[in-house]
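*Asks:* Next come a sequence and a model predicted from it.
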Amino acid sequence: MKKIIFLTLCFMFFSLVIKAQKTDNEYKILRDSAIVIKSNDLYKFYIEQSNKDIHTENWKIFLDNFTHSINNLYLIDQNNQSFKIDASTKIQFKEIDIYDKKSRSLLKKGINVWKVIQQLNGNKITIKIIEFKVTYKNKNYQFTNGGGSEIVFQYSCEEEKWKLIKEEHKGI
């Protein structure tokens, strides 16, 4: 009898562990999807701006700065830890440990960062991507907000899948 109870408890425990891993994978896929949506929108905007027939010096500086920021984007989570996404995008993200002393020389010039924050509320997951410029000056880290995006997915019990219900980009 003890063996049956023990085996039943083991089975229940492993079932819960497997279900939790599946849920974590779903959240990671949704997070990566939100980043892909945002990066594709940014890249599309960049191409549109690059194709404009404007030849002023200010425009050239704008495009050079825009190109530099796209080619030097970093991803961090809500704990300021760098992470990689599994999905491919037209923008290649870099990794950095912001608080590592080795990163300070790069931070003195300033880097562009997307901070990704996920919130689960009922059957909706909200993924906020906040655009920052991070610099290190006078032994202080400075985070300057440049806007961001909010992408919301809702789980449909009938279809047993997540659906994109909101995509909003804001800038300062």
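*Replies:* In hand now; what should we look at? Numbering: from 1, shown residues only.
*Asks:* Walk me through which strands the lengthiest strand in the chain pairs with, and which way each runs.
*Replies:* For the chain, the strand with the greatest residue count under DSSP state E is strand 140-156. Strand 140-156 has the following strand partners under DSSP bridges: strand 124-137 (antiparallel), strand 161-171 (antiparallel).
*Asks:* Quick check, pLDDT for Lys170.
*Replies:* At Lys170, the predicted lDDT confidence score is 84.
*Asks:* okay but it is in contact with Gly148, surely?
*Replies:* Yes. With contact defined as Cβ atoms under 8 Å, Lys170 counts as touching Gly148 (6.2 Å). Just so you know, the C-beta spots here come from the backbone N, C-alpha and C atoms, and that holds for glycine as well.
*Asks:* who's more crowded, the two?
*Replies:* The neighbour comparison of Lys170 against Gly148 (other Cβ atoms under 10 Å) goes to Gly148, with 20 against 11.
*Asks:* rewinding a little: confidence-wise, which of the strands paired with strand 140-156 is weakest overall?
*Replies:* Per-stretch mean pLDDT for these is lowest at strand 161-171 (a mean of 90).
*Asks:* What strand or helix carries the most centrally placed residue in the chain?
*Replies:* Relative to the mean C-alpha position of the chain, the nearest C-alpha, by Cα atoms, centre = their mean, is the one of Val116, at 4.0 Å. Using DSSP states H and E, Val116 sits within strand 111-121.
*Asks:* Now do that strand: which elements does it pack against?
*Replies:* helix 2-50, strand 73-77, strand 124-137 (3 or more Cβ pairs under 8 Å, 6 or more residues apart in numbering; DSSP states H and E).
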